[in-house]
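Novice: A predicted structure for the sequence below; I have some questions about it.
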Amino acid sequence: MIAAGAMARPLSRTRVSAVRRAKNRAFTAALWACGFLAVLPLVFIAAYVIARGVTALNLSFFTQTPQPPGLPGGGIEQSFIGTGIIVGMATLLSVPIGILTAVYLSEYGRGRLAATVRFVAEVLLSTPSIVAGAFIWSLVVVTLGHFSAIAGSLALTVLMWPIIARATEEILRLVPQEVREGGLALGLPRWKVILRLVVPTAGAGIFTAVMLAVARGLGETAPILLTALGNDFVNTNPGQPTDAVTLRIYNYAQSAFPGLHTIAWGGAITLLAAVLLLSITARVLSSRQQSRVG
C-alpha cells in the first residue's frame, strides 16, 4: 500500500505538469493569434496604400509643384516644404512647453494648481483636432485677417504639448528617487539635480514622447485646413498661407481626375512611412529607457 501510494504521487505530478504545459501552449498560441489579428489591419492598410500610390513616387513627385488638372506629371514639393515648416515650428513651441510642464508636475506639482494643469492636459488629449483648429482660427486667423503657417503651427501646438507633457511626466516619475537624493546629498540645488541628473536619465523617454507628438502632428488635416488653408506654390514665409501633405491629400481625394488620386495616394505613402518610422523608433527608445531605469 505504501509503495503504491509512493508511486502514485509522481504520476499525478507528471499528469498535472502535462496539463499545465498544455494550457500554457494553448494560451501562448491564443496570445500570438490575438497579436497577429491586431497587426493584420495595419498590414492590409499599408499594402493597399502602397499598391494605390507607388506609381506616383518618382523624382518629380518630390521636386515639382502641381500641374494643372488633367496634365500629366507634377508633384507636391510645396506640401513637403509646408509640412516641414508647420510641424517644425509646432515642435519648437510644444517641446519646451511640454517638458517644463512635465518637470513641474513630476517634481514640484502639488495641490490644486498641479491638478488643474494635469486636468487641462488630459482634456486636450481627448479633444477633437478640429476644435483646436477652430480655436486658433478664431483667435489668430480672424485677428490677423489671413491664413498662415504660424496659425497652423499654433493649432498643432495645442494638440502636441499635452502628449509631451503627460508622457514625459510619467517617464520622469520612473527615474529612481536615489538619483535625486544622491544629487542633493552632494550639495547640488534641486534645480541642478533636475537639469543635470533627472532629465538626462530620462532623455531617451523624453525623446520618445516628442516623436509620438510629432507623429500626431504630421497626420492632422482639420486644424491645418482651418488655419494654414493651403497653397499651390512653394511658400517659405510663415506669415502666408502654406500647403501641407495632409491638405494636398484631402484636396486631391475630392478631385475628379484619376491622376490626382494617384498623387494623393503617393502622399499617403510618405505620411504612413514617416509615422511608422517615428512610432517604431519611439518604441525602441522606450524599451531601452525602461531597461535602463529598471
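Specialist: Cool, the structure landed. Only a predicted model underlies this, so the values are computations on that prediction, with no experimental measurement involved.
Novice: Centre of the chain to stretch 44-59, how far?
Specialist: Distance of stretch 44-59 from the chain centroid (CA atoms, centre = their mean, to the nearest Å) equals 22 Å.
Novice: T101: neighbour count?
Specialist: T101 has 23 neighbours, counted by other CB atoms under 10 Å. C-beta: built from backbone N, CA, C; applies to glycine.
Novice: which other helices and strands contact the helix or strand hosting E181?
Specialist: Taking DSSP states H and E as the definition, E181 sits inside helix 177-185. Contact here means 3 or more CB pairs under 8 Å, 6 or more residues apart in numbering; DSSP states H and E; on that basis helix 177-185 packs against helix 190-193.
Novice: Now do the buried residues in the helix it packs on.
Specialist: V193 (16 or more other CB atoms under 10 Å).
Novice: just checking, next helix/strand downstream of that helix?
Specialist: Next along from helix 190-193, by DSSP H and E: helix 199-201.
Novice: Quick check: buried residues in that following helix?
Specialist: Neighbour-count burial for helix 199-201, counted by 16+ other CB under 10 Å, picks out 199, 201.
Novice: If you rank every helix and strand of this structure by mean pLDDT, what lands last?
Specialist: helix 2-53 (a mean of 82; mean pLDDT, DSSP states H and E).
Novice: Remind me which helix or strand A282 belongs to.
Specialist: helix 258-293.
Novice: Report the inter-axis angle for that helix versus helix 2-53.
Specialist: Between helix 258-293 and helix 2-53, the angle comes out at 140 degrees (axes from the mean of the first three to the mean of the last three CA atoms, to 10 degrees).
Novice: Can you point out the buried residues in helix 258-293?
Specialist: Neighbour-count burial for helix 258-293, counted by 16+ other CB under 10 Å, picks out 259-272, 274-275, 278, 282, 285-286, 289.
Novice: which residue is nearest the centroid of the chain?
Specialist: L212 (2.5 Å; CA atoms, centre = their mean).
Novice: That residue and T262: what is the separation?
Specialist: 30 Å (CB to CB, to the nearest Å).
Novice: And the residue nearest to the centre of the chain, how close does it get to P162?
Specialist: Here the criterion is CB to CB. By it, L212 lies 11 Å from P162.
Novice: other SSEs contacting the very next helix or strand once past the least confident helix or strand of the chain?
Specialist: Next in sequence after helix 2-53, counting helices and strands by DSSP H and E, comes helix 59-63. When contacts are defined as 3+ CB pairs under 8 Å, 6+ apart, helix 59-63 packs onto helix 77-103.
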